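**Q** Output the structure for:
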Amino acid sequence: MKTNILTLTTALLLLGGGFVACNHSQEPEAIGTPPVSAPTDVSAFFKTYLPPSSSSHPEPAFNFSEIDYRDTECFVINSLEEFEIVAPPSVELPLIDFDKYTLIIGQHSLGDPGYTLLKQAIDTESDEMTLNLLYKRTGGAHPAVVTTFYFWGLYTKLPGKTVAIDVTII
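**A** Numbers count the residues shown, from 1 in each chain. The predicted structure is shown next:
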């Protein structure tokens, strides 16, 4: 009888612990203000010309530099002229009201393609602006190939021209 009670208690503890672990799905927040919802034509433009990563899509037509592993390049765009400098040549650009918004476009590298961008937010509370990118490691095996990830966001007009990038992986 004592063995049955211990087994039942152990089973209940294990089930309860499993239940708690399964319900613990709180993802960390990216610190700062998230991007605004972009108009459909702006989202469609970036879906067409800026893939999420280099692992499954052709290289983007944007004017990015070659970057080394763990490097980052980021453009803070506050005018149509600045957008035209980095945008793919000979394409029709979506209309963005740069009096109200700042566009951030960038790239960085990670050790393999096994990541998904969950959230991004801009922190303007400190002396320098920081773009916080929150990635989640996907399951399964991934080839050990340096992969470039691309990101963009449309933000309410930002005060500066430069931004630091903080990449967090959960």
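**Q** give me the element the residue nearest to the spatial centre of the chain is part of.
**A** Most central in the chain under C-alpha atoms, centre = their mean is L117, positioned 3.7 Å from the mean C-alpha point. With secondary structure defined by DSSP states H and E, L117 is part of strand 115-123.
**Q** do the same with F75
**A** Secondary-structure assignment from DSSP H and E places F75 in strand 72-77.
**Q** what's the closest non-adjacent residue to the residue nearest to the centre of the chain?
**A** Of all residues not flanking L117 in the chain, Y135 sits nearest, at 5.7 Å (C-beta to C-beta, 6 or more residues apart in numbering). All C-beta atoms are positioned from the backbone trio N, CA, C, and that covers glycine.
**Q** you'd agree the one you found is up against I165?
**A** No: applying C-beta atoms under 8 Å as the test, Y135 and I165 come out as separate, 11.9 Å apart.
**Q** the strands in this structure, which residues?
**A** In order along the chain, the chain carries the following strands (DSSP state E): 72-77, 101-110, 115-123, 129-137, 147-156, 163-169.
**Q** before we move on, the earlier item: and the strand holding L117, what does it pack against?
**A** Taking 3 or more C-beta pairs under 8 Å, 6 or more residues apart in numbering; DSSP states H and E as contact, the helices and strands that strand 115-123 lies on are strand 129-137, strand 147-156.
**Q** CA atoms only: put that strand into PDB for me.
**A** Once side chains and other backbone atoms are set aside, the C-alpha atoms of strand 115-123 remain, and they are given as PDB (Å, rounded to 0.1, in the frame of the first residue of the first chain):
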ATOM      1  CA  TYR A 115      16.500  31.100 -36.000                       C
ATOM      2  CA  THR A 116      13.300  33.000 -36.400                       C
ATOM      3  CA  LEU A 117      12.800  36.700 -35.600                       C
ATOM      4  CA  LEU A 118      10.100  37.000 -33.000                       C
ATOM      5  CA  LYS A 119      10.000  40.600 -32.100                       C
ATOM      6  CA  GLN A 120      11.800  43.900 -32.500                       C
ATOM      7  CA  ALA A 121      11.600  47.200 -30.700                       C
ATOM      8  CA  ILE A 122      13.500  50.400 -30.600                       C
ATOM      9  CA  ASP A 123      14.700  51.700 -27.200                       C
END
